[in-house]
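Peer 1: what's the 3D shape of this:
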Amino acid sequence: MNLTKTLRANILSLAALVALSGAAIGAEAAPAKKEDKTDKPAAAPAKQEEKNVAPLDPAAVVVKVNGVAITRAEVDRAKKVLMSQNRMTQPVTPDIAQKVEEAAVSQLIAKELLYQAGRKQEIKDLDKQIQERVSQSKARFPSQEEYLKTLKSMDMTEKDVETFAREDLVINNLIEKDVVAKTTVSDEEAKKFYNDNIDKFKRDETVKASHILIKVEPNASADDKKKAKEKAEAILKQVKGGADFAEVAKKESGCPSAPQGGDLGFFGKGQMVPPFEKAAFAMKPGEVSDVVETQFGYHIIKLTDKRPAETVKFEETKDRIVQFLKQQKVQEGINEYVENLKKAAKIEMAK
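Peer 2: Purely as a prediction, here's the structure:
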């Protein structure tokens with residue numbers, strides 16, 4: 001896992017690359033239905049007000065960082081990405097709008113400071129890496145048309161994508177060398193976290209099962225259901241007669257798990273539909289169920305393993321704890337690094 005990429009997500013202009021990796025702004029914001037209900041009563045007045053507000057000059061300088069200008073266009077684009085990431089929809093209250101503005105400006109300042117510091121370090125084949133990154137972004141779209149459409153929705157050009165790729169690589173290199181490489185987590189720290197958060201490591205009972213599904217469409221006739229059930233019962237007879245369960249599943253099952261011999265892996269309560277869950281958790285490893293009916297059709301279930309409820313041992317989860325704590329430390333390290341850069345920088349806000 002790339003710690004820098006995970007933790008640098010809060011550096012706003014680089015987040016534009018996330019959107020370009022396959023999720024358009026509109027799609028990102030669409031799920032925010034709960035916010036829609038809250039905001040709808042204020043929607044009409046807000047839109048009326050917008051008509052009376054003159055648009056701000058996109059080229060206007062909002063802030064200068066060591067002489068480098070950050071424009072209104074950059075801030076507005078950053079705000080759009082921020083709102084998308086946080087599932088926020090327009091219109092927002094003046095108070096929220098102000099907070100989004102401040103967050104966008106703050107993150108763009110941080111980005112620019114890190115980029116300026118990172119440019120002092122040599123990166124081998126940087127231009128080649130930039131073109132590879134841009135090509136990877138384009139490849140995630142079904143067509144050039146969709147790619148350009150997403151760029152337009154974010155008020156970006158292809159040149160902007162190259163710029164963001166350059167910034168991303170330069171900042172990534174800086175943080176890897178100056179923060180990540182110097183960050184460690186001791187066994188004692190990991191063990192303390194485990195002991196202090198022992199409730200987080202409790203695991204409910206889980207089972208591992210395979211199944212053969214004879215699918216029944218929701219609008220199937222009574223005759224179709226009868227035929228499907230008869231087929232399931234015939235297959236059950238084969239399995240109980242000694243036929244290899246996995247091979248029969250590969251041949252007969254209508255579930256996407258068929259190529260894996262019907263293997264569903266481990267699952268806990270609440271993850272499967274009730275009739276399936278009830279049958280699976282009532283079985284012992286090695287047992288095969290009778291035909292079980294659900295809304296998907298008729299199932300034959302084979303339980304292959306069962307894990308009782310337990311507390312996960314420290315040794316089993318140690319690596320994940322270390323990774324989590326390192327992420328926290330790196331984030332703190334990035335914040336401290338940026339604060340130190342700010343102390344030595346000349347940051348001029350436009351009046």
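
Peer 1: separation between residue 348 and residue 64?
Peer 2: 4 Å (Cβ to Cβ, to the nearest Å). (Glycine included, C-beta is placed from N, CA and C.)

Peer 1: Those two - which one has more neighbours?
Peer 2: Remark: of residue 348 and residue 64, residue 64 carries more neighbours, 16 against 13, as counted by other Cβ atoms under 10 Å.

Peer 1: Hmm, the more buried one is touching residue 347, no?
Peer 2: Yes. If you go by Cβ atoms under 8 Å, residue 64 and residue 347 touch, sitting 7.2 Å apart.

Peer 1: Now the phi/psi pair for residue 207, please.
Peer 2: Residue 207 has phi and psi values of phi -130, psi 160 when expressed as degrees, to the nearest 10.

Peer 1: Which strand residues bridge it?
Peer 2: Assessed by DSSP bridges, residue 207 has beta-bridge partners residue 267, residue 306.

Peer 1: number of nearby residues for it?
Peer 2: Applying other Cβ under 10 Å, I find that residue 207 has 24 neighbouring residues.

Peer 1: Can you give me the pLDDT of it?
Peer 2: Residue 207 is assigned a predicted lDDT (pLDDT) of 98.

Peer 1: Quick check, it in contact with residue 302.
Peer 2: No. Under the criterion of Cβ under 8 Å, residue 207 makes no contact with residue 302, lying 10.9 Å away.

Peer 1: Could you pull out the residues contacting both of the two?
Peer 2: Residues within reach of residue 207 and of residue 302 at once, by Cβ atoms under 8 Å, 6 or more residues apart in numbering: there are none.

Peer 1: The closest residue to residue 314 other than its chain neighbours: how many residues sit nearby?
Peer 2: Take residue 314 and drop its neighbours on the chain: the residue closest to it by Cβ to Cβ, 6 or more residues apart in numbering is residue 194, 5.0 Å away. By other Cβ under 10 Å, 19 other residues sit near residue 194.

Peer 1: Find the residue closest to residue 304 in space, skipping its chain neighbours.
Peer 2: Sequence neighbours aside, residue 208 is the residue nearest to residue 304 in space, at 4.9 Å (criterion: Cβ to Cβ, 6+ apart).

Peer 1: which ones are touching the one you found?
Peer 2: 263-267, 303-307.

Peer 1: Could you save those as JSON lines and add columns showing neighbour count?
Peer 2: Listed next are the contacts of residue 208 as JSON lines, based on neighbours: other Cβ atoms under 10 Å:
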{"residue": "263", "neighbour count": "17"}
{"residue": "264", "neighbour count": "19"}
{"residue": "265", "neighbour count": "13"}
{"residue": "266", "neighbour count": "13"}
{"residue": "267", "neighbour count": "16"}
{"residue": "303", "neighbour count": "21"}
{"residue": "304", "neighbour count": "20"}
{"residue": "305", "neighbour count": "12"}
{"residue": "306", "neighbour count": "16"}
{"residue": "307", "neighbour count": "13"}
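
Peer 1: so which of those comes closest to residue 156?
Peer 2: residue 265 (40.5 Å; Cβ to Cβ).

Peer 1: Please give the element, helix or strand, for the residue nearest to residue 314.
Peer 2: Per DSSP states H and E, residue 194 falls inside helix 187-196.

Peer 1: Which of the helices or strands spans residue 304?
Peer 2: Counting by DSSP H and E, residue 304 is part of strand 297-307.

Peer 1: for that strand, packing partners?
Peer 2: Applying 3 or more Cβ pairs under 8 Å, 6 or more residues apart in numbering; DSSP states H and E, one finds that strand 297-307 contacts strand 206-215, helix 222-240, strand 263-268, helix 274-281, strand 292-294.

Peer 1: Report the buried residues of the shortest one.
Peer 2: I take that to be strand 292-294. Buried residues in strand 292-294, counted by 16 or more other Cβ atoms under 10 Å: 292, 294.

Peer 1: distance between that strand and the chain's centre?
Peer 2: From the chain centre to the centre of strand 292-294 is a distance of 33 Å (Cα atoms, centre = their mean, to the nearest Å).

Peer 1: Run through who's touching it.
Peer 2: Counting by Cβ under 8 Å, 6+ apart, 229, 273, 275-276, 279, 298-301 sit against strand 292-294.
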